[in-house]
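Peer 1: Can you look at this prediction? I've put the sequence above it.
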Amino acid sequence: AQSVTQLGSHVSVSEGALVLLRCNYSSSVPPYLFWYVQYPNQGLQLLLKYTSAATLVKGINGFEAEFKKSETSFHLTKPSAHMSDAAEYFCAVSDSIRGSTLGRLYFGRGTQLTVWP
Amino acid sequence: GAVVSQHPSRVICKSGTSVKIECRSLDFQATTMFWYRQFPKQSLMLMATSNEGSKATYEQGVEKDKFLINHASLTLSTLTVTSAHPEDSSFYICSAPPPRGRGNTEAFFGQGTRLTVV
């Protein structure tokens, strides 16, 4: 079974500070891992993904995440927060790499990021 | 990249009426579509998987008669909320698996539909 745990439903940082959003996963097969961002009343935008290539993944808007198999973690970071980063962030895992279930995702509960001026 | 178009983006309906939400894959064929529901301040939960040419597969606890899913063609999947009630108010979003042969490894999401039942 696949599951995702996001530690901390709310994270607040000052503009320019480091952003760290935590994600731990559970998967019975080598996982594909994703981070999505959601702005109010909008759909999901893919930030970055891990698909068994490089363990340090760089995404859009200066975000990156590191896959650590030993810790079953995929934490999202950004060196310097911007006001526009304020949004809801979801970590997700996919257990399939082929077939019709590819794309079925298991989401964490989400982390609301607040950025203070 | 592949595009999934979802309509409407917002809908307000009266209690007891039905609402249809459409998801279209614009530049690829989607034999499967995933439908998720997101309650306020919560995560997205998979409701069902629609399959072109066959019955949808529903997750445990999801009422099949209330949430009718039809995958009419290789580019269109619809979710109909029948006899809607205020507790059905939520954000519904669809996604399609990556098209074969393009090397994509992530799903493509629609823009989502905010349903409010009054």
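Peer 2: Sure thing, it's come through. Numbering: from 1, shown residues only, chains lettered A, B, ... in the order given.
Peer 1: Least confident secondary structure element in chain B?
Peer 2: strand B:108-109 (a mean of 89; mean pLDDT, DSSP states H and E).
Peer 1: strand partners of it, parallel vs antiparallel please.
Peer 2: strand B:90-96 (antiparallel) (DSSP bridges).
Peer 1: so which strand or helix has the residue nearest to residue B:76 when sequence neighbours are not counted?
Peer 2: Spatial nearest neighbour of residue B:76, chain neighbours left out: residue B:24 (5.3 Å); criterion: CB to CB, 6 or more residues apart in numbering or on different chains. (Glycine included, C-beta is placed from N, CA and C.) Following DSSP states H and E, one finds residue B:24 within strand B:19-25.
Peer 1: Now the element after that strand, going C-ward?
Peer 2: That would be, after strand B:19-25 and using DSSP H and E, strand B:32-38.
Peer 1: Counting by contacts, list what that next one packs against.
Peer 2: strand B:19-25, strand B:44-51, strand B:67-73, strand B:76-81, strand B:90-96 (3 or more CB pairs under 8 Å, 6 or more residues apart in numbering or on different chains; DSSP states H and E).
Peer 1: tell me the angle the shortest one makes with strand B:90-96.
Peer 2: This points to strand B:76-81. Put simply, strand B:76-81 runs at 160 degrees to strand B:90-96, going by axes from the mean of the first three to the mean of the last three CA atoms, to 10 degrees.
Peer 1: Next up, the contacts around residue B:17.
Peer 2: B:83-84 (CB atoms under 8 Å, 6 or more residues apart in numbering or on different chains).
Peer 1: pLDDT below threshold where in chain B?
Peer 2: B:1-2, B:102-103 (pLDDT under 70).
Peer 1: Point out the residues in it that sit beside chain A.
Peer 2: B:6, B:10, B:31-32, B:34, B:41-46, B:49, B:51, B:91, B:93, B:95-98, B:105-112, B:114 (CB under 8 Å from any CB of the partner chain).
Peer 1: Narrow the residues you listed to those that are buried.
Peer 2: Buried by 16 or more other CB atoms under 10 Å in any protein chain shown: B:6, B:31-32, B:34, B:43-44, B:46, B:49, B:51, B:91, B:93, B:95-98, B:105-112, B:114, out of those.
Peer 1: for residue A:107, what are its contacts?
Peer 2: A:4, A:90-92, B:43-45.
Peer 1: Okay, and the beta partners of it?
Peer 2: Beta-bridge partners, per DSSP bridges, of residue A:107: residue A:92.
Peer 1: ok, now how distant is it from residue B:38?
Peer 2: Distance of residue A:107 to residue B:38, given as CB to CB, to the nearest Å: 9 Å.
Peer 1: And residue B:113, by the same measure?
Peer 2: Taking CB to CB, one finds residue B:113 at 10 Å from residue B:38.
Peer 1: what residues are shared contacts of the two?
Peer 2: B:91-93.
Peer 1: List the beta-bridge partners for residue 32.
Peer 2: You didn't say which chain, so I picked chain A. residue A:94.
Peer 1: switch to chain B, that's the one I care about
Peer 2: residue B:51.
Peer 1: hang on, the earlier thing: and after the least confident helix or strand of chain B, which helix or strand comes next?
Peer 2: Strand B:108-109 is succeeded, C-terminally, by strand B:113-117 (DSSP H and E).
Peer 1: how about residue 111, phi and psi?
Peer 2: The chain I'm using is chain A. Note on residue A:111: backbone dihedrals following degrees, to the nearest 10 are phi -130, psi 120.
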